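> sequence and computational prediction follow.
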Amino acid sequence: MLSMVSKSISNRLINYISTPSGSRRLLLQDFHNQELPGKREGSCILEHYKSLGLLFKRCTLLLPTKDRLKYMHRILSEILTAGWDELECHRVFNFLCELSNLPRKVQIVVSSKPGSARKLELRIRLYCRSVLLNHWIHRSDSAFWLTRILKPWPMVNQARLLYIIFGPVSSLDGE
């Protein structure tokens, strides 16, 4: 309840949940076991995540909706693919590519002159970073998704794509 009236306590809770130890403690990795460790019979994983969702809601109540959604996206992505094998993650990536038409957009950008499709470059940057790369706790997860993004392209296009995703947004003063 204190998280609803104190921004300081709310920030501490959110920061703890975002750490690897907080994730291990709160985001259960064994999705096949319906019983939570140390709980009575009848407690299920759904109740756990319902309570966790309520905690997130209370912790982020004082934040703007955009920030609230950012935290929820990161946590949901972690939950949805936690414990998945590589083949399943490939399927998720293929689905996201098909849904967003990412390969066609990347093809347009890497085959045109740098800066000639600035808005599309920015869209690719924002999509790759916000949907696939930035919210993972472990660097190995980000590396997996970055590998998926780069793999279909030749080396020169990979370099250009890396620059689009991680380089400066503006050529003015290195911003």
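Received the coordinates, thanks. Numbers count the residues shown, from 1 in each chain.

> can you name the element that comes right after the lowest-mean-pLDDT helix or strand in the chain?
Lowest on mean pLDDT, DSSP states H and E among the helices and strands of the chain sits helix 65-81, with a mean of 67. Proceeding N to C from helix 65-81, the next assigned helix or strand is helix 86-100, under DSSP states H and E.

> the residue minimising distance to the centre of the chain in helix, strand or coil?
Centroid-nearest residue in the chain: H135, 3.5 Å away (criterion: CA atoms, centre = their mean). Secondary structure, DSSP: H, G, I helix; E, B strand; the rest coil: H135 is coil.

> again, but for L61
Under three-state DSSP, the three-state class of L61 is coil.

> need the pLDDT of it.
Listed pLDDT for L61 reads 74.

> so it makes contact with K7?
No - using CB atoms under 8 Å, L61 makes no contact with K7, being 9.8 Å away. From N, CA and C alone the C-beta is placed, and that goes for glycine too.

> count the neighbours of E98 for me.
10 (other CB atoms under 10 Å).

> what about it, distance to I124?
Using CB to CB, to the nearest Å, E98 is found at 16 Å from I124.

> averaged pLDDT, stretch 86-101. What do you get?
Average pLDDT, stretch 86-101: 79.

> CA-only coordinates of that stretch in CSV, if you can.
Provided in CSV are the C-alpha atoms of stretch 86-101 (Å, rounded to 0.1, in the frame of the first residue of the first chain):
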residue,chain,number,x,y,z
GLU,A,86,15.8,-21.7,-29.0
LEU,A,87,13.4,-23.1,-31.7
GLU,A,88,10.4,-21.6,-29.9
CYS,A,89,12.2,-18.2,-29.7
HIS,A,90,12.9,-18.4,-33.4
ARG,A,91,9.2,-18.9,-34.0
VAL,A,92,8.4,-15.9,-31.9
PHE,A,93,10.9,-13.8,-33.9
ASN,A,94,9.5,-15.0,-37.2
PHE,A,95,6.0,-14.2,-36.0
LEU,A,96,7.1,-10.7,-35.0
CYS,A,97,8.9,-10.2,-38.3
GLU,A,98,5.8,-11.2,-40.2
LEU,A,99,3.6,-9.0,-38.1
SER,A,100,5.8,-5.9,-38.4
ASN,A,101,7.1,-6.6,-41.9
